[in-house]
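**Q** sequence plus predicted model, see below.
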Amino acid sequence: MTRPGAEHVLSCGLMPEIGKKKIISAEEVANYAVCPEAWRLKYLEKSRSQPAERKDKGHALRREWVATQELSAKLRSYAKLAYLLLVVVVIIVFLFEHNRTPPYFRKKSQAAPGMEVEQENQQ
């Protein structure tokens, strides 16, 4: 499936050829993936370049967007690590609690030190 304008690019020879294959640069693919309209204007319409002021603003916005994406990726990895640690702690606590017998199920001979005194005082 081709996007609108792709037939024009292929038919008018705007792309370099090697043998009978058309070559698309990585920059063109990236530009098209981000904004097909900007790609169309740049490669099909051969529109003028933006003024320097707008380019600088665009570059600043792009840097901010990249920084946000990098921070998001870091936070996702930290969240995965925190989740994994939480699961490990829950498993460890469960294993220790499972092996421990509650005091009211113990026999007098198995009672913890100090428990015998309390039981004797209650009788």
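**A** Everything's here; your move. Numbers count the residues shown, from 1 in each chain.
**Q** residue 41: neighbour count?
**A** 13 (other CB atoms under 10 Å). (Glycine included, C-beta is placed from N, CA and C.)
**Q** measure it to residue 32 for me?
**A** Distance of residue 41 to residue 32, given as CB to CB, to the nearest Å: 11 Å.
**Q** again, but for residue 91
**A** Residue 91 sits 48 Å away from residue 32, going by CB to CB.
**Q** what does residue 81 give?
**A** In terms of CB to CB, residue 81 sits 36 Å off from residue 32.
**Q** who has more neighbours, those two?
**A** Taking other CB under 10 Å, residue 81 and residue 32 do not tie; residue 32 has more neighbours (19 against 10).
**Q** look up the closest residue to the more buried one, ignoring the ones flanking it.
**A** Distances taken as CB to CB, 6 or more residues apart in numbering put residue 39 closest to residue 32, at 4.1 Å, once the chain neighbours are dropped.
**Q** what packs against the helix or strand residue 32 falls within?
**A** According to DSSP states H and E, residue 32 maps onto helix 26-34. Other elements packing on helix 26-34 under the criterion 3 or more CB pairs under 8 Å, 6 or more residues apart in numbering; DSSP states H and E are helix 36-39.
**Q** domains of this structure?
**A** Structural domains assigned to the chain are 1-48, 50-109, following automatic domain parsing.
**Q** pLDDT below threshold where in this structure?
**A** Where the chain drops to pLDDT under 70, the residues are 1-20, 47-50, 101-123.
**Q** so which residues of it form strands?
**A** In the chain, the strands defined using DSSP state E lie at 17-18, 21-22.
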